[in-house]
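Undergrad: need coordinates for the below:
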Amino acid sequence: MGGISHASHKECVDAFLENSIMLPDDASEDARNAELHSDQYRLIKRFLELARQHCVDSGLQPGSKEALAAFEEANDTAKSIVHSYTGLPFGDDERKALRPEEVTSIMALLVPHHVKNLAAHIKEKGKLHTHPFWLSEATSEYVKGRFKSASVENILLRALTQVEMVAYMHEMQSTNILTGKTKLDEARPPSFARALWNICKWILELWLVCLAIALAPLALPALPSETMLLTGLGLAAIGTLALLVLLIIVAVGISQITPNRKKQYDSILDMIDRMNGFFLEFGHAGPFSTAQFRKRVNDLADAGVIWPSGLYVLLDDMEARGVRAF
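TA: Residues are numbered from 1 along each chain as shown. Have a look, this model is predicted:
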């Protein structure tokens with residue numbers, strides 16, 4: 001190891017990092033700086049630093065076949081994670097037009113740690129730029145590789161849980177274009193008070209119409225006054241009776257479906273609250289206890305969350321390596 005220069009291997013790190021840059025040269029300086037400080041760029045850099053340290057510790061000569069293979073493996077593993085996210089737009093013109101905050105958002109691997117209400121954040125910003133299956137596949141590649149890092153595992157474990165929680169909250173809060181309602185709205189128990197108000201409003205409107213019919217001869221003397229009066233009163237009586245019957249039917253229906261709808265609605269709110277609590281507990285950079293993290297994961301699994309398979313693959317691998325914290 002004595003003759004190996006860190007700087008020589010650092011040149012290899014710099015070359016791989018330069019090739020990882022996604023923004024064109026004519027993008028704004030602020031946007032390019034945003035990429036250099038993005039989650040994705042820092043993850044790639046972390047893997048390349050692991051490869052550099054491996055080369056130094058193993059006494060590999062800079063530029064040797066073995067050293068290059070180590071850097072390529074580290075870079076490929078990092079890229080498998082990064083590429084599981086949607087990434088920047090394909091065209092150079094679109095990338096060049098990106099603002100710094102857009103670059104930061106698109107290249108983020110996690111929900112920002114400063115978020116306090118995950119549901120509100122997702123309602124405003126939308127889902128993460130990845131899918132549980134893609135992220136699980138990338139995690140499997142990481143587990144099979146030789147470069148391991150607590151900081152990388154911290155990101156992966158949080159990302160694997162966040163992608164599922166974000167997807168659930170997004171689904172519950174997204175408006176159906178056909179109904180104009182979210183799944184949370186559809187699960188909300190119907191309100192008898194609202195039904196009563198609507199019926200009373202319709203009765204009032206009915207009586208106003210019937211009153212206009214009864215008084216029509218005052219404006220049009222040719223109309224038979226007694227006939228118009230009886231017609232108005234008759235329509236008012238029949239209509240009112242019909243609406244009261246409708247109110248009884250609605251009330252019975254509401255009483256029958258309210259318990260199930262309330263249970264479903266409360267279940268959704270409870271799940272969102274549990275997920276937000278999990279996010280607040282593990283949303284920052286850590287360190288965290290592996291055992292506590294698994295316990296909290298299992299608690300949510302017992303409540304009905306179906307976690308990405310890669311989450312358990314990574315946790316099992318970490319515990320097999322004796323990792324107690326990350």
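
Undergrad: quick check, Q264 in contact with E186.
TA: No - taking Cβ atoms under 8 Å as the definition, Q264 is not a contact partner of E186, at 9.0 Å. From N, CA and C alone the C-beta is placed, and that goes for glycine too.

Undergrad: ok, those two, which is more surrounded?
TA: Each of Q264 and E186 has its neighbours counted (other Cβ atoms under 10 Å); Q264 has more, 16 against 13.

Undergrad: show me the contacts for that one.
TA: With contacts taken as Cβ atoms under 8 Å, 6 or more residues apart in numbering, Q264 has the following neighbours: A187.

Undergrad: poorly predicted segments of the stretch 51-200 of the chain, please.
TA: Scanning the stretch 51-200 of the chain for pLDDT under 70 picks out nothing.

Undergrad: need the three-state assignment for P89.
TA: Reducing the assignment to helix, strand or coil with DSSP: H, G, I helix; E, B strand; the rest coil, the entry for P89 is coil.

Undergrad: quick one, what contacts the residue nearest in space to the middle of the chain?
TA: Nearest to the mean C-alpha position of the chain, counting by Cα atoms, centre = their mean, stands V166 at 2.4 Å. Neighbour list for V166: V111, L118, I122, K127, L128 [criterion: Cβ under 8 Å, 6+ apart].

Undergrad: the residues you listed in helices, which ones?
TA: Residues from the contacts of V166 lying in helices, with DSSP state H as the criterion: L118, I122.

Undergrad: TSV for the contacts of V166, including distance to L235 and neighbour count?
TA: Below are the contacts of V166 laid out as TSV (distance: Cβ to Cβ, whole Å; neighbours: other Cβ atoms under 10 Å):
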residue	distance to L235	neighbour count
V111	59	20
L118	54	21
I122	51	24
K127	53	15
L128	58	23
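
Undergrad: one step back: show me which residues of the helix or strand the residue nearest to the centre of the chain falls within are buried.
TA: When secondary structure is defined using DSSP states H and E, the element that contains V166 is helix 150-173. Of the residues in helix 150-173, those buried under the neighbour-count criterion (16 or more other Cβ atoms under 10 Å) are 152-170, 172-173.

Undergrad: great, nothing more from me.
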